[in-house]
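Colleague: Build me a model from this:
(chains A and B)
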Protein chains: 2
Amino acid sequence: MNDIALINPPAAEDGTLFLSVEHAIDLVRRKGVITCLRGIAQAIRADFLRWPEFDKSARVAAHSAQGVIELMPVADGERYSFKYVNGHPYNHRLGLPTVMAFGVLAEVATGRPLLLSELTLTTALRTAAMSAVAAQALARPGSRVMALIGNGAQSEFQALAFQALLGIEALRVYDVDEQATDKLMVNLQGSGLRITRCASTAEAVQGADIVTTVTADKLHATILTADMIAPGMHINAVGGDCPGKTELAAGVLTAGRVFVEYPPQTRIEGDIQQMPADFAVTELWQVLAGQQPGRLAADDITVFDSVGFALEDYSALRYMHAAALELGLGERIALVPEMEDPKDLMGLLRAPATPCWDMRRTTGSPLAFRAAEAS
Amino acid sequence: MNDIALINPPAAEDGTLFLSVEHAIDLVRRKGVITCLRGIAQAIRADFLRWPEFDKSARVAAHSAQGVIELMPVADGERYSFKYVNGHPYNHRLGLPTVMAFGVLAEVATGRPLLLSELTLTTALRTAAMSAVAAQALARPGSRVMALIGNGAQSEFQALAFQALLGIEALRVYDVDEQATDKLMVNLQGSGLRITRCASTAEAVQGADIVTTVTADKLHATILTADMIAPGMHINAVGGDCPGKTELAAGVLTAGRVFVEYPPQTRIEGDIQQMPADFAVTELWQVLAGQQPGRLAADDITVFDSVGFALEDYSALRYMHAAALELGLGERIALVPEMEDPKDLMGLLRAPATPCWDMRRTTGSPLAFRAAEAS
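Modeller: Take a look at the predicted model:
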């Protein structure tokens, strides 16, 4: 704690930048979804390449009868981030999203929160960007057809990310809920993707180069079985992401090589939770860094068992922060005080209320504990 | 996950209530510091009495060369809370508080964030309230004189809490930094407390019924040694609260009985970090619940080795939430989306920006990924 020279000066801006849901929507509309997907993918790739620099831990989960609330912190020497995210499968009955999220990017040198941002929309972008980054390293070059199993909130983001970053031209889509597929068809109108509605997972998977599973609400549902898998496929398994929730049959996992984000978390939450603790997996960052091979041959089966790791949110927050500053979006809020005399916290109660980030101690006026107690 | 009847309907209010630093100052000024200290103490006591109902864990810390950033989650069946808090001993050189904090209170049944609040000022209130709740159970009845070692940001809150909740009439104060004591003298003017400036810790402790240590910035500093301790004293050790940071000599800890909040956390962070892993401690909640004795005799020495536990922030957030709603303080922000069709996240990008908590999907307009990509 003694090397004061390590401390960066605080950034010039006062207060914490707040990016609300509307601000994030505005940002994505102005940059374009695809520009954002590309930018976040670039940030994720860059951050995964310096994987050993990060202080990593499995997320901290609070489980209840109705769902789960999680905190996902990560840090390097410069920035700290965390995400708050819930998973409540019955929320849609109450008109609430199954998954809601927000998060913070902070300065490691001082602990000052720089950005507070919505992360519900942003998580959809970063999850799709992460899938595309993995597929770039693992899918067969020249992949053009993707099966998309599960047509819920995350599905269109996956479709657009794979179109933009992998060159996917055709989708074969299926969901047990036909209305979800209706919605996907509307949302992807004008995207240029050729979309085929299928009557089952097995039908959707036929002829696909890449199979993306993004189902939800199901406990140990077996979406994909070994008989559906053809040589050369890349499987992007996104939906199995918490204890008790899987999408792939064990036979799919043993048919190919399995790649994961952060093994201590994936072994608890991913599809590999059903496998022995020593089931062989490869860490994706090592593939990106050239330390481990990705796909070895055209007829290999590769599986990305994605659960979503805190570092991806760090990358997404960095991207959103830079984009918000570039576009002048967001507003400054007083999440923490900035004071002339940091040791005089009680002095805050003496000053008349002033703009948050310019809290100046005034002297002479009585403290609130007397004034208010007397009234 | 199947008992839908367990799900509470969402609260009537839309959006997340945001209590900024100014709002919290306004709230405390309007309620009065002492009313807030009493209210938070009452909430802490009530929550400690139902200790077994909470899902507890030690905080998650990210250490760096300059300090630490921590997340402190806790939940019962109804509410989930977490606090973000940093500790950066050199921050004052940059005009920033050593400790800054904010936190969230959320609905367990849905994961919806109900309240986002500053917690820098609020943590000062809850730490003092916690100390007073512990001292009510542990200090000698009729205690009137308190030594206050360390006169920084937390000190006046301790003084006022012990005056209001314990009946302390006189303070004996000391700090290595005379300016800190100057500030304390100013801030406590008009409080009714008789204050004696002392030239050393040893002098301040003489004749005290209660000794409160709230020093900071020191690594394994020994503030209090066994020879300073007199029979009957209660020691309220607040400043030693992270690995490598202690205030009490081992002889003080062995001279009396030691009471703690949550042993798994205190053994890492508290003054007892210097003792063997099986050093005997008593959990404070058991004393409050009548399951373990507190003080046994007038000449007992009791030690509250306080580090600050997530449940205290839960209690403080509950109090601040209720007070803010009562006074109509704070503002509604869109931290998470509320949507007509929660499965249609991408539909958010189609709608023109509307007020956050009334986000309605409109159909027909082109999606942002086309519009913006084309420009």
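Colleague: C-alpha only now, for contacts and for neighbours.
Modeller: Fine.
Colleague: and stretch A:42-57 with chain B, contact?
Modeller: Yes: Stretch A:42-57 lies within reach of chain B by CA under 8 Å from any CA of the partner chain, at residue A:55.
Colleague: and the gap between the spatially most central residue of chain A and residue B:80?
Modeller: In chain A, the residue lying closest to the centroid (CA atoms, centre = their mean) is residue A:123, at 3.8 Å. Separation of residue A:123 from residue B:80 (CA to CA, to the nearest Å): 21 Å.
Colleague: ok, now residue A:346?
Modeller: Counting by CA to CA - residue A:346 and residue B:80 are separated by 28 Å.
Colleague: Equivalent analysis for residue A:186, please.
Modeller: Taken as CA to CA, the span from residue A:186 to residue B:80 is 37 Å.
Colleague: Give me the more crowded residue out of the two.
Modeller: residue B:80 (25 against 13; other CA atoms under 10 Å in any protein chain shown).
Colleague: From residue A:295, how far off is the more buried one?
Modeller: 43 Å.
Colleague: quick revisit: please, which helix or strand holds the residue nearest to the centre of chain A?
Modeller: Residue A:123 is part of helix A:120-138 when elements are defined by DSSP states H and E.
Colleague: pLDDT averaged over stretch A:100-108, what's the number?
Modeller: Throughout stretch A:100-108, pLDDT has a mean value of 97.
Colleague: so who does the residue nearest to residue A:258 when sequence neighbours are not counted touch?
Modeller: Of all residues not flanking residue A:258 in the chain, residue A:303 sits nearest, at 4.7 Å (CA to CA, 6 or more residues apart in numbering or on different chains). Applying CA atoms under 8 Å, 6 or more residues apart in numbering or on different chains, we find residue A:303 in contact with A:234, A:235, A:236, A:237, A:253, A:256, A:257, A:258, A:259.
Colleague: Please look at the first one and residue A:207 and confirm they touch.
Modeller: No: Residue A:234 is beyond contact range of residue A:207, at 12.0 Å (criterion: CA atoms under 8 Å).
Colleague: Please identify which of these two sits among more neighbours.
Modeller: Higher neighbour count among residue A:234 and residue A:207: residue A:234, with 29 against 15, using other CA under 10 Å.
Colleague: So in terms of bridging, what pairs with the more buried one?
Modeller: residue A:210, residue A:302 (DSSP bridges).
Colleague: ok, so what distance separates it from residue B:304?
Modeller: In terms of CA to CA, residue A:234 sits 58 Å off from residue B:304.
Colleague: ok, residue A:274 - how many residues close by?
Modeller: 20.
Colleague: contacting residues around it?
Modeller: residue A:250.
Colleague: quick one: it and residue A:211, what's the gap?
Modeller: Distance, residue A:274 to residue A:211, by CA to CA: 20 Å.
Colleague: repeat for residue A:24
Modeller: From residue A:24 to residue A:211 the distance is 29 Å (CA to CA).
Colleague: go on, residue A:67?
Modeller: Counting by CA to CA, the separation of residue A:67 from residue A:211 is 27 Å.
Colleague: Specify which residue of those two has the higher count of neighbours.
Modeller: Applying other CA under 10 Å to residue A:67 and residue A:211 shows that residue A:211 carries more neighbours, namely 26 against 20.
Colleague: how far away is that one from residue B:29?
Modeller: Relative to residue B:29, and taking CA to CA, residue A:211 is found at 59 Å.
Colleague: Could you do residue A:199 as well?
Modeller: Distance, residue A:199 to residue B:29, by CA to CA: 64 Å.
Colleague: try residue A:196
Modeller: From residue A:196 to residue B:29 the distance is 63 Å (CA to CA).
Colleague: With residue A:97 instead?
Modeller: Residue A:97 is 37 Å from residue B:29, by CA to CA.
Colleague: Looking at those two, which has the bigger crowd around it?
Modeller: residue A:97 (30 against 25).
Colleague: Quick check: the more buried one touching residue B:338?
Modeller: Yes: in this structure, residue A:97 is within contact of residue B:338 by CA under 8 Å, at 7.2 Å.
Colleague: Need the overlap of contacts for these two.
Modeller: Shared contacts of residue A:97 and residue B:338, counting by CA under 8 Å, 6+ apart, come down to nothing at all.
Colleague: Does residue A:73 lie in a helix or a strand, and which?
Modeller: With DSSP H and E as criterion, residue A:73 is part of strand A:68-75.
Colleague: angle of that strand against strand B:68-75?
Modeller: 180 degrees (axes from the mean of the first three to the mean of the last three CA atoms, to 10 degrees).
Colleague: distance between strand A:68-75 and the chain's centre?
Modeller: Computed by CA atoms, centre = their mean, to the nearest Å, the chain-centroid distance of strand A:68-75 equals 11 Å.
Colleague: tell me the mean pLDDT over it?
Modeller: Confidence for strand A:68-75, expressed as mean pLDDT, is 96.
Colleague: Can you list the low-confidence ranges for chain A?
Modeller: For chain A, the stretches with pLDDT under 70 are A:1-13, A:217-220, A:240-241, A:351-375.
Colleague: In this structure residue A:300 contacts residue A:258, no?
Modeller: No: contact criterion CA under 8 Å: residue A:300 and residue A:258 do not qualify, at 11.1 Å.
Colleague: more neighbours, those two?
Modeller: Ranked by neighbour count (other CA under 10 Å), residue A:300 and residue A:258 place residue A:258 first, with 23 against 20.
Colleague: Report the contact partners of that one.
Modeller: Here residue A:258 is in contact with A:280, A:281, A:282, A:302, A:303, A:304, A:305 (CA under 8 Å, 6+ apart).
Colleague: picking that back up, I'd like the list of the contacts of residue A:303 that fall within helices, please.
Modeller: Using DSSP state H, the subset of the contacts of residue A:303 located in helices is residue A:253.
Colleague: can you list the contacts of residue A:303 in a markdown table and add distance to residue A:331?
Modeller: Converted to a markdown table, the contacts of residue A:303 look like this (distance: CA to CA, whole Å):
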| residue | distance to residue A:331 |
| --- | --- |
| A:234 | 42 |
| A:235 | 41 |
| A:236 | 37 |
| A:237 | 37 |
| A:253 | 46 |
| A:256 | 48 |
| A:257 | 46 |
| A:258 | 43 |
| A:259 | 39 |
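Colleague: Just the buried subset of the contacts of residue A:303, please.
Modeller: Among the contacts of residue A:303, those buried by neighbour count (16 or more other CA atoms under 10 Å in any protein chain shown) are A:234, A:235, A:236, A:237, A:253, A:256, A:257, A:258, A:259.
Colleague: separation between the first one and residue A:151?
Modeller: Right, residue A:234. Distance, residue A:234 to residue A:151, by CA to CA: 19 Å.
Colleague: Same check on the last one?
Modeller: Taken as CA to CA, the spacing of residue A:259 relative to residue A:151 amounts to 24 Å.
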